[in-house]
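Colleague: What would the 3D arrangement of this be:
(chains A and B)
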Amino acid sequence: RKEVEQDPGPFNVPEGATVAFNCTYSNSASQSFFWYRQDCRKEPKLLMSVYSSGNEDGRFTAQLNRASQYISLLIRDSKLSDSATYLCVVNFNTGGFKTIFGAGTRLFVKA
Amino acid sequence: DAGVIQSPRHEVTEMGQEVTLRCKPISGHDYLFWYRQTMMRGLELLIYFNNNVPIDDSGMPEDRFSAKMPNASFSTLKIQPSEPRDSAVYFCASSPEGGFTEAFFGQGTRLTVV
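Modeller: So this is what the prediction gives:
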């Protein structure tokens, strides 16, 4: 089993739709969580951190479920510009830390 | 700040040749990471440094790969000898507080080994 798993998609949605991605992780000692966005042939960029209490940034909502070991990303009112690959990131403490990126979920938003 | 700067942006080399990728992190960031991204394996952490010291190189695929950070503003990733399966995009990233804060990525080096 991979340490971090994501549904690769692609998700094809119309503009204005709501779409949700999940990411599961296997290490219960995982301590910090992020969602990154990567556009085609570009570098990953931080979209948002994921806090235990959940957090919201405009149309984006991220949640953490430690009991079930998954994080989620909800995008409301999808825009064409939301088309990208969304990567979940999990960090856990190993004395130092270990960072694992999920393989990414591709999203296509169509007019 | 100009962000994380990587060079070259593209590299095409023949199998067996030495390849050196370069990275300048954001000033003041204590952590530097080297990643490799391929379609098959996604984004993989190869090695990271804290205050110029290599902390975890467990992701380095083979002895053909080596990384150095001689000072806080420069790091290299070297592949010697290169092989076609090393073809990938190599990203350098830096962060102020390791894995628990945002990592800022460079634009990457697209390496093709023929």
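
Colleague: Based on its surroundings, how many neighbours for B:Thr101?
Modeller: 16 (other C-beta atoms under 10 Å in any protein chain shown). From N, CA and C alone the C-beta is placed, and that goes for glycine too.

Colleague: Same question for B:Glu44.
Modeller: 15.

Colleague: got the contact list for it?
Modeller: Residues near B:Glu44 by C-beta atoms under 8 Å, 6 or more residues apart in numbering or on different chains: A:Phe101, B:Tyr35, B:Arg36, B:Gln37, B:Gly59.

Colleague: And it, how close does it get to A:Thr24?
Modeller: B:Glu44 is 19 Å from A:Thr24, where distance means C-beta to C-beta, to the nearest Å.

Colleague: For B:Asn52, list the residues it contacts.
Modeller: Contacts of B:Asn52 were listed using C-beta under 8 Å, 6+ apart, and they are B:Met69, B:Pro70, B:Asn71, B:Ala72.

Colleague: what's the answer for B:Ser87, then?
Modeller: Here B:Ser87 is in contact with B:Thr38, B:Leu111, B:Thr112, B:Val113 (C-beta under 8 Å, 6+ apart).

Colleague: now with 10 Å?
Modeller: B:Glu11, B:Val12, B:Thr13, B:Thr38, B:Arg110, B:Leu111, B:Thr112, B:Val113, B:Val114 (C-beta atoms under 10 Å, 6 or more residues apart in numbering or on different chains).

Colleague: Of those, which one scores lowest on pLDDT?
Modeller: On pLDDT alone, B:Thr38 ranks lowest of the contacts of B:Ser87, at 94.

Colleague: Enumerate the beta-bridge partners assigned to that one.
Modeller: Per DSSP bridges, the residues bridged to B:Thr38 are B:Gly42.

Colleague: cool, the one 10 residues further on as well?
Modeller: For B:Tyr48, the beta-bridge partners under DSSP bridges are B:Phe33, B:Asp56.

Colleague: Now intersect the contacts of B:Ser87 with the strands, please.
Modeller: The strands, defined by DSSP state E, take in B:Glu11, B:Val12, B:Thr13, B:Thr38, B:Arg110, B:Leu111, B:Thr112, B:Val113 from these.

Colleague: For chain A, state which of the residues you listed is nearest.
Modeller: Distance ranking of the ones in strands among the contacts of B:Ser87 against chain A, using C-beta to the nearest C-beta, places B:Arg110 first at 8.4 Å.

Colleague: show me where chain A has strands.
Modeller: Taking DSSP E as the criterion, chain A contains strands spanning A:4-6, A:11-14, A:19-25, A:30-38, A:45-50, A:55-57, A:60-65, A:70-75, A:84-93, A:97-101, A:105-110.

Colleague: Show me which residues of chain B sit near chain A.
Modeller: B:3-4, B:6, B:31, B:33, B:35, B:37, B:39-45, B:48, B:50, B:55-56, B:58-59, B:89, B:91-93, B:95, B:98-108, B:110 (C-beta under 10 Å from any C-beta of the partner chain).

Colleague: In strands, which of those fall?
Modeller: When those are checked against strands (DSSP E), the matches are B:6, B:31, B:33, B:35, B:37, B:42-45, B:48, B:50, B:55-56, B:89, B:91-93, B:95, B:104-105, B:110.

Colleague: All set now, cheers.
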